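**Q** what follows is a predicted protein model with its sequence.
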Amino acid sequence: MTGNSKQKKEEKAKKEMVRDLVIFGITLAATLILLMEFPDRRGAVISTSWNFFLEMILILPAVMVLLGLFAVFVPKEAVVKYLGKTSGIKGIFLAILLGALPTGPLYVAFPIAAALLKKGAKISNIILFLSAWACIKIPQEMVELQFLGLRFMLARLILTVIFVIIMAFIIEWIMEWDDTGGVKNAV
Amino acid sequence: MNTTAIAINGIAIVSFLIAFFNDKEKAKKSLKIAGKSFVRMFPMVLTIILIIGLLLGFVPPHQISKFIGEQSGIGGVLLIGALGALMHIPALLSFPLAASLLESGASVTAVAAFITTLTMIGMVTLPLEIKELGKKMALLRNGISFVIAIIIALIMGAIL
């Protein structure tokens, strides 16, 4: 990564932090006003917020450590390298697995997917990769387990994998069916 | 501290120790990244937690269940699914929010629809997705994702 883009990224992060702090300030002010106007609600609001805060703070540092480890030990370049040249069942599993690694928010995945597309990776694998990146991330599953329980988490995970695979093939079919009249890159 | 929290912390500690003995420098770097992401996320965590407190403290469960409860039907599911597609909050924070909705009378279907559209569909990031992957692929992905999110949610509601 060049120094310039890194600097840009830092600037963007700073801006987002300021924005988030402003939003928090507004929410806090609104909460305080509401609690002053409605003293009878104080107990419920404070105890609910406190309980959710505890549940969050017990797992968030651990989730962040895992995110940090993955960011350093599994660089994005490795993802591109592996996904660019696989296909079949192996490709399906690899696309989901690589997407599920905790490596940043969805918009980070778009340029990677674009690069893969140019390299000739299958459309279905790209869609699988993007979808796994969006909603089958390992740390997400952990937080889901914590707040919604094992049954909910597992049911949603299994259904998501099944339907995402179906979607990937539908999109590939539509894209290729549309392309048959034009120039199709068969490599 | 519940079992899930203990397990997650255990996994994190063991993974970190393995990483540390393999490559101290890299392990230190990951801790730094972890600290930074934690600080960056913290204001949003506090905001969501306040919103959850207000939601459960002020909005009566029968109001929530009227819109997104068992009796609200497919309309409620589509409504909260659309809300999830429009909202732009980190997925990690959608789970406590979802849990609080569930606690206050929302149906499993509605909550599953909310989380699934929230994570899979990004209206805010759609322009970027179009730029990188082309209009057709981006619109197909987001559109079909919405449909399968609703199907997943309906099945979840039926089996849980």
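**A** Nice, I can see it.
**Q** who does the helix or strand of chain B at the bottom of the mean pLDDT ranking touch, helix- and strand-wise?
**A** Within chain B, confidence by mean pLDDT, DSSP states H and E is lowest for helix B:61-68 among all helices and strands, at a mean of 84. Secondary-structure packing of helix B:61-68 (3 or more C-beta pairs under 8 Å, 6 or more residues apart in numbering or on different chains; DSSP states H and E): helix B:73-86. All C-beta spots, glycine's among them, are computed from the backbone N, C-alpha and C.
**Q** which SSE is immediately downstream of the helix it packs on?
**A** Per DSSP states H and E, the first helix or strand lying C-terminal to helix B:73-86 is helix B:91-103.
**Q** what are the buried residues along that following helix?
**A** By neighbour count on 16 or more other C-beta atoms under 10 Å in any protein chain shown, the buried set for helix B:91-103 is B:Ala91, B:Leu92, B:Leu93, B:Ser94, B:Phe95, B:Pro96, B:Leu97, B:Ala98, B:Ala99, B:Ser100, B:Leu101, B:Leu102.
**Q** and it, what's its mean pLDDT?
**A** Helix B:91-103 carries an average pLDDT of 90.
**Q** so what touches that helix?
**A** A:48, A:52, A:55-56, A:60, A:63, A:135, A:137, A:139-140, A:143-144, A:146-148, B:41, B:44-45, B:48-49, B:51-52, B:55-56, B:64, B:68, B:84, B:89, B:108, B:110-111, B:114-115, B:118-119 (C-beta atoms under 8 Å, 6 or more residues apart in numbering or on different chains).
**Q** domain-wise, how is chain A divided?
**A** As given by automatic domain parsing, the domain ranges for chain A are A:3-70, A:76-178.
**Q** please identify the most buried of the ones you listed.
**A** Counting by mean count of other C-beta atoms under 10 Å in any protein chain shown, domain A:76-178 has the highest mean neighbour count of the domains of chain A, with a mean of 19.
**Q** for it, how far is the first residue from the last?
**A** 31 Å (C-alpha to C-alpha, to the nearest Å).
**Q** avg pLDDT for that domain?
**A** 86.
**Q** for it, the distance to its chain's centre please.
**A** 10 Å (C-alpha atoms, centre = their mean, to the nearest Å).
**Q** I'd say B:Ile33 and A:Leu66 touch.
**A** No: the pair B:Ile33 / A:Leu66 is not scored as a contact, 10.9 Å apart, by C-beta atoms under 8 Å.
**Q** can you tell me the average pLDDT over the biggest helix by length in chain B?
**A** Assignment by DSSP state H gives helix B:24-58 as the longest helix of chain B. For helix B:24-58, the mean pLDDT works out to 92.
**Q** does any part of it sit near chain A?
**A** Yes: counting by C-beta under 8 Å from any C-beta of the partner chain, chain A is contacted by helix B:24-58 at B:26-27, B:29-35, B:37-38, B:40-41, B:43-47, B:49-54, B:56-58.
**Q** ok, then the element right after the longest helix seen in chain A?
**A** Looking across chain A with DSSP H, the single longest helix is helix A:3-37. Next helix or strand after helix A:3-37 toward the C-terminus (DSSP H and E): helix A:42-73.
**Q** and the next helix or strand past that following helix?
**A** By DSSP H and E, the next helix or strand past helix A:42-73 is helix A:76-83.
**Q** by contact count, what packs against that following helix?
**A** Helix A:76-83 packs on helix A:88-100, helix A:106-118, going by 3+ C-beta pairs under 8 Å, 6+ apart.
**Q** what angle separates the first one from helix A:76-83?
**A** Here helix A:88-100 runs at 170 degrees with respect to helix A:76-83, directions being taken by axes from the mean of the first three to the mean of the last three C-alpha atoms, to 10 degrees.
**Q** gap between B:Pro43 and A:Ser124?
**A** Separation of B:Pro43 from A:Ser124 (C-beta to C-beta, to the nearest Å): 39 Å.
**Q** same question, A:Arg41
**A** Counting by C-beta to C-beta, the gap from A:Arg41 to A:Ser124 is 51 Å.
**Q** one more: B:Ile13?
**A** 38 Å.
**Q** narrow the residues of helix B:24-58 next to chain A to just the buried residues.
**A** If we count by 16+ other C-beta under 10 Å, those have these buried: B:27, B:29-31, B:33-34, B:37-38, B:40-41, B:43-47, B:49-54, B:56-57.
**Q** for residue 80, which residues are in contact?
**A** All of this is about chain A. A:Ile112, A:Ala115, A:Leu116, A:Lys119.
**Q** you looked at the wrong chain, it should be chain B
**A** Residues near B:Ile80 by C-beta under 8 Å, 6+ apart: B:Phe67, B:Ile68, B:Ala106, B:Ala110, B:Val111, B:Ala113, B:Phe114.
**Q** out of the helices and strands packed on helix A:76-83, flag the one nearest chain B.
**A** Taking C-beta to the nearest C-beta, helix A:106-118 is the member of the helices and strands packed on helix A:76-83 nearest to chain B, at 4.0 Å.
**Q** this completes my enquiry, with thanks.
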